[in-house]
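Participant: here is my input, please return the structure:
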Amino acid sequence: MELGLQDRVVLVTGASTAIGRATALAFADERARVAVGYHSNAAAAAETVALAERRGARAVPWRLDLGEPGSLAAAVEQVRAELGPVDVLVNNAVRWPDRPAPGERFETAPPRRFTDSVTANLTGPYLLARAVVGDMRARGWGRIVNVSTGLVEDGFPGSASYVAAKAGLHGLTRVMSRELASAGILTNVVMPGFTPGERAMPPGLMAKAEAAAATGRVSRPEDVAAMVVFLCSAANTHTTGEAVRTDGHFLSPT
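Facilitator: Residues are numbered from 1 along each chain as shown. Here you go, the predicted model:
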């Protein structure tokens, strides 16, 4: 299948490891020009860049902080200067909230955890999309994927700040679809399940997660990357405003 991504400029946030790295490398396989977004792990981002270049793609690292809105437009300008106007944005980066303290309840959780999560995991992607949509609109073509979680549909104890922010991405994506599709810009959500490498899992949770999926295994970063790349490609001509699960029909264990 021809994906039409050669020489497209692709921004992937959180691309230093796990899902983000797999996604950046999948775009590299299509000969896209890839901006490897990272927050603090410059060495891992440089490794992703090197792996992408070995696959014949042009790639550059770019640092940004989703919790600092002022840094986002500057990061997009840097990418524009080095690679060109942005064709594809993958909002993959996540700011994990602190784990609940022992004995913590919904009503005793610190409000700051909630507001910090919304700033990084919802406001940040929103501002990045705003920063790239103008170039997409000018060319009449663009693709945006927001990476979320199946927990938005299933819920999970102690995850209110994270899940609420990710749920906001779903509403934002649907609004963007209605506003931008006529300009040739398609926007979708991809929802991974438990994916090793994204965050350390408590003991015993991996076995529960494997049993909770119809496929009998947890998600691999490459599973998620394949769906993201398709939705961001020229092969996707009519899918927009959708939330697609890539979790093997997963039911969150508690």
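Participant: tell me the pLDDT at Pro102?
Facilitator: pLDDT recorded at Pro102 is 83.
Participant: pop out the phi and psi values for it.
Facilitator: Main-chain torsions, Pro102, degrees, to the nearest 10: phi -50, psi 130.
Participant: count the neighbours of it for me.
Facilitator: Number of residues near Pro102 (other C-beta atoms under 10 Å) recorded here: 5. For the C-beta atoms, the positions are set from N, CA and C on the backbone; glycine is no exception.
Participant: same deal with Asp154?
Facilitator: 17.
Participant: where does Asn146 sit: helix, strand or coil?
Facilitator: strand (DSSP: H, G, I helix; E, B strand; the rest coil).
Participant: that one bridge partners, please.
Facilitator: When assigned by DSSP bridges, Asn146 has beta-bridge partners Asn91, Val189.
Participant: check it and give its pLDDT.
Facilitator: For Asn146, pLDDT reads 98.
Participant: for it, give me its contacts.
Facilitator: Asn146 is in contact with Asn91, Pro125, Leu169, Leu172, Thr173, Thr187, Asn188, Val189, Val190, counting by C-beta atoms under 8 Å, 6 or more residues apart in numbering.
Participant: cutoff 7 Å now
Facilitator: By C-beta atoms under 7 Å, 6 or more residues apart in numbering, the contact set of Asn146 is Asn91, Pro125, Leu169, Thr173, Val189.
Participant: ok, now how distant is the last one from Arg105?
Facilitator: When distances are taken as C-beta to C-beta, to the nearest Å, Val189 and Arg105 turn out to be 30 Å apart.
Participant: which one of the two is surrounded by more residues?
Facilitator: Counted by other C-beta under 10 Å, Val189 and Arg105 do not tie: Val189 has more neighbours, with 26 against 9.
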